[in-house]
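Asker: coords below, sequence missing:
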């Protein structure tokens, strides 16, 4: 009994460390408008600064996504915390755009290292009888941490001094505490190998996976694209079109999308094979609410879009992950899942930059409506395909 209790405590502590790192990746979200005022850049630059993060994540997933299997979980997670800390320092020292690009890239590197390693670590520290509890902790830490970042920064920026500095000072303190906690937790990889054994992951799609992968990857792409637009340009839309200048409110709206995604991921077990088509339906409804908000400037529709679209994203992404994992042969499963993550994180970068490019000639609302039309077409196609050819969850 004492051993199980100790295992649960370690699982929760590892989950807290996971949440701190992920919170750092979304911390700048409600602060972009302040950086725009300070450095005088356009909405396009906001989206590019945001998208640099995705390139860091994709690079780590391809080059060192399996590093923790070789060198151990704790060394990789400590490196991730280190990148997170240096990212915060870049934002603290920011005197121009170069600092913001560096901070976002380093933030992506930290998230890329944490995503797989921390999930595995939380699962391995938990007692064997608590697999479902550990799954919940890992999911809540990942998406919940992403939601806490903009919420924390928004509240501090609105109600505390030094809005462009205090959020990152607080985050550095949390990273320091997390590193101390991590050093006291045990290593779970028993046969550790030198760093020289780490090899880049080779992406690939075996023939039996391709029919499942196309609709699953499309849904994942749209879900991450919706999150990308929400986290990069929704604060600007709230300020320019709805006259909402409260940073805490902007941070809360973004946080709601991530919290709803956590709820959606936890619903996958009950939804079963219906999770992926239900997620597509949720994404389509979230896009419709967002279109209404852009067209008629209604704040309530922005909130509904965050809640419904976030839930759909959670259902769709975890359903997609389950479907492609179940269809993959065991010896190719890691490569297929890595390919799915690459497509998903491409959704954070490419469409977001597209919105930024269109925002100057046709305005932020027009660019948002073009984005919604494109994403709705993609997710509708995936939904129709899934209704005609249902996929089995893994």
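Answerer: All right, it came through fine. Predicted model only: the values in this text are computed from it and were never measured.
Asker: Report the buried residues of the worst-scoring helix or strand of the chain on mean pLDDT.
Answerer: Scoring the helices and strands of the chain by mean pLDDT, DSSP states H and E places helix 268-271 at the bottom, with a mean of 82. Of the residues in helix 268-271, 268, 271 count as buried by neighbour count, 16 or more other Cβ atoms under 10 Å. Any C-beta I mention is one placed from the backbone N, CA and C, and that applies to glycine too.
Asker: Equivalent analysis for stretch 86-100, please.
Answerer: Those would be 86-92, 94, 99-100, for stretch 86-100 by 16+ other Cβ under 10 Å.
Asker: Quickly name whichever of those residues is closest to residue 75.
Answerer: Set against residue 75, the nearest of the buried residues of stretch 86-100 by Cβ to Cβ is residue 86 (16.7 Å).
Asker: What helices and strands are in contact with the host helix or strand of that closest one?
Answerer: Secondary structure assigned from DSSP states H and E places residue 86 in helix 73-92. Packed against helix 73-92 by the contact rule (3 or more Cβ pairs under 8 Å, 6 or more residues apart in numbering; DSSP states H and E) you find helix 2-26, helix 67-71, helix 97-125, helix 166-184.
Asker: Assign residue 202 to helix, strand or coil.
Answerer: coil (DSSP: H, G, I helix; E, B strand; the rest coil).
Asker: Give me the below-cutoff pLDDT ranges for the chain.
Answerer: Applying pLDDT under 70 to the chain flags residues 1, 331, 334, 391-394.
Asker: Can you spell out which helices and strands pack onto the least confident helix or strand of the chain?
Answerer: helix 299-327.
Asker: Quick one: name whatever helix or strand follows the helix it packs on.
Answerer: Heading C-terminal from helix 299-327, the first helix or strand you meet, by DSSP H and E, is helix 333-388.
Asker: Just want the angle from that next one to helix 299-327.
Answerer: 120 degrees (axes from the mean of the first three to the mean of the last three Cα atoms, to 10 degrees).
Asker: I'd like the distance from helix 333-388 to the chain centre, please.
Answerer: Centre-to-centre, helix 333-388 and its host chain are 15 Å apart (Cα atoms, centre = their mean, to the nearest Å).
Asker: cool, stretch 96-108 as well?
Answerer: 17 Å.
Asker: who's in contact with that stretch?
Answerer: By Cβ atoms under 8 Å, 6 or more residues apart in numbering, the residues outside stretch 96-108 that reach it are 24-25, 28, 35, 39, 41, 45, 49-50, 52-60, 83-84, 86-88, 90-91, 93-94.
Asker: before we move on, back to that, would you list the buried residues of stretch 86-100 in TSV and tack on distance to residue 295?
Answerer: As requested, the buried residues of stretch 86-100 are exported to TSV (distance: Cβ to Cβ, whole Å):
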residue	distance to residue 295
86	42
87	36
88	38
89	42
90	38
91	34
92	39
94	35
99	37
100	31
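Asker: Could you single out the nearest of these to residue 220?
Answerer: residue 87 (25.1 Å).
Asker: What residue, apart from its backbone neighbours, is nearest that closest one spatially?
Answerer: In this structure, residue 87 finds its nearest non-sequential neighbour in residue 106, 3.9 Å apart by Cβ to Cβ, 6 or more residues apart in numbering.
Asker: same question, residue 252
Answerer: Among residues not flanking residue 252 along the chain, residue 151 sits closest, at 5.9 Å (Cβ to Cβ, 6+ apart).
Asker: hang on, the earlier thing: buried among the contacts of stretch 96-108? Make that a ChimeraX selection.
Answerer: A single ChimeraX command selects the buried members of these (16+ other Cβ under 10 Å):
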select :24,25,28,35,41,45,49,50,52,53,54,55,56,57,58,59,60,83,84,86,87,88,90,91,94
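Asker: Distance of the residue nearest to residue 252 relative to residue 71?
Answerer: 34 Å (Cβ to Cβ, to the nearest Å).
Asker: the more surrounded of those two?
Answerer: residue 151 (24 against 20; other Cβ atoms under 10 Å).
Asker: need the contact list for that one.
Answerer: Residue 151 neighbours (Cβ under 8 Å, 6+ apart): 248, 251-252, 254-255.
Asker: from these, which single one is nearest residue 172?
Answerer: residue 251 (18.8 Å).
Asker: Was I right to think the closest one contacts residue 29?
Answerer: Yes. The criterion here is Cβ atoms under 8 Å, and residue 251 meets it with residue 29 at 6.7 Å.
Asker: The two: which is more packed in?
Answerer: residue 251 (29 against 25).
Asker: that older thread, and the residue nearest to residue 87, how many neighbours?
Answerer: Counted with other Cβ under 10 Å, residue 106 comes out at 25.
Asker: One more: residue 14?
Answerer: 30.
Asker: And it, how far from residue 21?
Answerer: Distance from residue 14 to residue 21, by Cβ to Cβ: 11 Å.
Asker: What of residue 292?
Answerer: Computed with Cβ to Cβ, the distance linking residue 292 and residue 21 is 35 Å.
Asker: more crowded one of the two?
Answerer: Using other Cβ under 10 Å, the more surrounded residue of residue 292 and residue 21 is residue 21, with 29 against 17.
Asker: May I ask you to confirm that residue 85 is in contact with residue 177?
Answerer: No. Using Cβ under 8 Å as the test, residue 85 is too far from residue 177 to be in contact (11.7 Å).
Asker: Name the residue in the two with the higher neighbour count.
Answerer: Taking other Cβ under 10 Å, residue 85 and residue 177 do not tie; residue 85 has more neighbours (22 against 13).
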